[in-house]
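Peer 1: Please find the sequence and the predicted model below.
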Amino acid sequence: MRYVAPARGTVDPQVFGRMPLLAWREYADLLAGSQWPTLDVLNALWPAHARTRFVAQDHELLADGLHYEQRIAERGQIATRIGNWHDLLNALVWLRYPAIKQALNQRQVAEIARMGPKHRSRPQYAMTHFDEAGVIVVLRDPALLALWDAHDWHGLFWRRRQAWLDGAIQLELFGHAVLEHGLSPDKLLVGKALVFQSSRDVDAGDACAECAAAVAAGKLLCDPLELRPLPLSGLPGWHADNADEAFHLTTVCYQPRRAGREYPPAHAQP
């Protein structure tokens with residue numbers, strides 16, 4: 001069933017003080033304010049050198065016949081629906097992670113040229129899944145990855161709960177659809193993760209830069225099966241009930257691994 005976000009004035013204010021939206025608190029005025037931010041307000045947040053701009057998605061814009069991705073690549077115009085949570089959160093992701101967004105756009109345009117506008121390739125599906133639900137995870141301990149590989153959610157989120165609290169694992173939520181789902185307090189959130197393994201202090205910022213470069217070079221997001229499910233509601237602070245062990249034994253967002261499903265190794269971060 002398609003998710004329908006709550007109307008702006010009906011959103012529970014507490015969601016902005018809880019993950020995942022808490023991590024976007026520098027945009028609190030845009031998210032929790034009584035009025036929708038205008039495109040001028042959003043565009044004022046771009047660096048001075050940026051060529052991309054948010055433009056109203058209206059009939060006049062769509063009459064150019066360009067694909068959404070082509071319009072960004074050719075004109076720097078990001079079609080944005082005014083008064084729409086999904087598009088507002090997409091705009092904030094563009095502002096925070098422009099290098100990853102640009103890399104995805106370049107690859108999408110190349111795939112459109114290769115496949116045509118009516119067909120989609122495996123890389124296109126992978127990139128779309130990541131754009132909507134992507135998470136970048138960095139960890140040091142291979143044992144954590146083994147628990148994840150096995151879908152041992154109780155082990156990953158309960159027995160090793162401290163790893164999520166002390167910084168041994170770090171993550172950056174990239175997918176704007178997951179941010180949108182975070183507007184509903186009881187929604188169980190699941191992301192699609194790319195995993196980086198570090199031999200030094202964990203640094204999610206470095207991993208984001210490496211992710212952008214690898215996506216642009218076609219080394220990542222060539223197939224949807226590269227992405228690992230990550231039940232974000234199991235993370236400390238991401239759901240009101242997950243401080244209780246019973247949550248990690250019974251919650252429906254913890255799915256068993258499908259027979260034969262294998263995951264690629266983590267990407268090495270120097």
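Peer 2: Structure received.
Peer 1: so where do the helices sit in the chain?
Peer 2: If DSSP state H is used as the criterion, the helices of the chain fall at 28-32, 39-43, 59-62, 68-75, 85-96, 98-115, 122-133, 142-149, 153-154, 161-165, 176-181, 204-216, 247-250.
Peer 1: longest strand anywhere in the protein?
Peer 2: Taking DSSP state E as the assignment, the strand of the chain that covers the most residues is strand 190-198.
Peer 1: If you count contacts, what does it end up packed against?
Peer 2: Other elements packing on strand 190-198 under the criterion 3 or more C-beta pairs under 8 Å, 6 or more residues apart in numbering; DSSP states H and E are helix 122-133, strand 134-139, helix 142-149, helix 204-216, strand 228-231, strand 267-269. Where you see a C-beta, it was placed from the backbone N, CA and C, and this is true even at glycine.
Peer 1: and those, which is most packed in?
Peer 2: By mean neighbour count, with neighbours taken as mean count of other C-beta atoms under 10 Å, strand 134-139 ranks first of those at a mean of 25.
Peer 1: Which residues does that one contact?
Peer 2: Contact with strand 134-139 is made by 145, 163, 168-175, 178, 191-198, 202-204, 206-208, 211, 227, 230, 232, 266, 269, as judged by C-beta atoms under 8 Å, 6 or more residues apart in numbering.
Peer 1: export that strand as CSV, just CAs?
Peer 2: In CSV, the C-alpha atoms belonging to strand 134-139 read as follows (Å, rounded to 0.1, in the frame of the first residue of the first chain):
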residue,chain,number,x,y,z
GLY,A,134,19.4,4.3,1.0
VAL,A,135,21.6,4.1,4.1
ILE,A,136,25.4,4.3,4.2
VAL,A,137,26.8,2.2,7.1
VAL,A,138,30.4,2.2,8.3
LEU,A,139,31.7,-0.5,10.8
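Peer 1: Buried subset of the contacts of strand 134-139, written for PyMOL?
Peer 2: Typed into PyMOL, the line below selects the buried ones among the contacts of strand 134-139, using 16 or more other C-beta atoms under 10 Å:
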select buried, resi 145+163+169+170+171+172+173+174+175+178+191+192+193+194+195+196+197+198+202+204+206+207+208+211+227+230+232+266+269
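Peer 1: For residue 160, the count of nearby residues, please.
Peer 2: Residues near residue 160, counting by other C-beta atoms under 10 Å, number 17.
Peer 1: Least confident of the helices of the chain, on average?
Peer 2: Ranked by mean pLDDT, the helices of the chain bottom out at helix 204-216, with a mean of 91.
Peer 1: Quick check: nearest residue in space to the residue nearest in space to the middle of the chain, chain neighbours excluded?
Peer 2: When C-alpha atoms, centre = their mean is applied to the chain, the residue found nearest the centroid is residue 175 (1.8 Å). Nearest non-adjacent residue to residue 175, counting by C-beta to C-beta, 6 or more residues apart in numbering: residue 133, 3.9 Å away.
Peer 1: Now do the same contact list for the one you found.
Peer 2: Residue 133 makes contacts with 175, 177-178, 190-192, as judged by C-beta under 8 Å, 6+ apart.
Peer 1: Looking at the residues you listed, which one is closest to residue 153?
Peer 2: Nearest to residue 153 among the contacts of residue 133 is residue 190, at 11.0 Å by C-beta to C-beta.
Peer 1: how far away is the nearest residue to residue 81 once chain neighbours are set aside from residue 42?
Peer 2: Nearest non-adjacent residue to residue 81, counting by C-beta to C-beta, 6+ apart: residue 87, 4.5 Å away. Distance from residue 87 to residue 42, counting by C-beta to C-beta, to the nearest Å: 10 Å.
Peer 1: for residue 11, same thing?
Peer 2: Residue 11 sits 19 Å away from residue 42, going by C-beta to C-beta.
Peer 1: The two - which one has more neighbours?
Peer 2: Neighbours were counted for residue 11 and for residue 42 using other C-beta under 10 Å; residue 42 has more, 21 against 18.
Peer 1: In this structure that one contacts residue 91, no?
Peer 2: Yes - using C-beta atoms under 8 Å, residue 42 is in contact with residue 91, at 5.2 Å.
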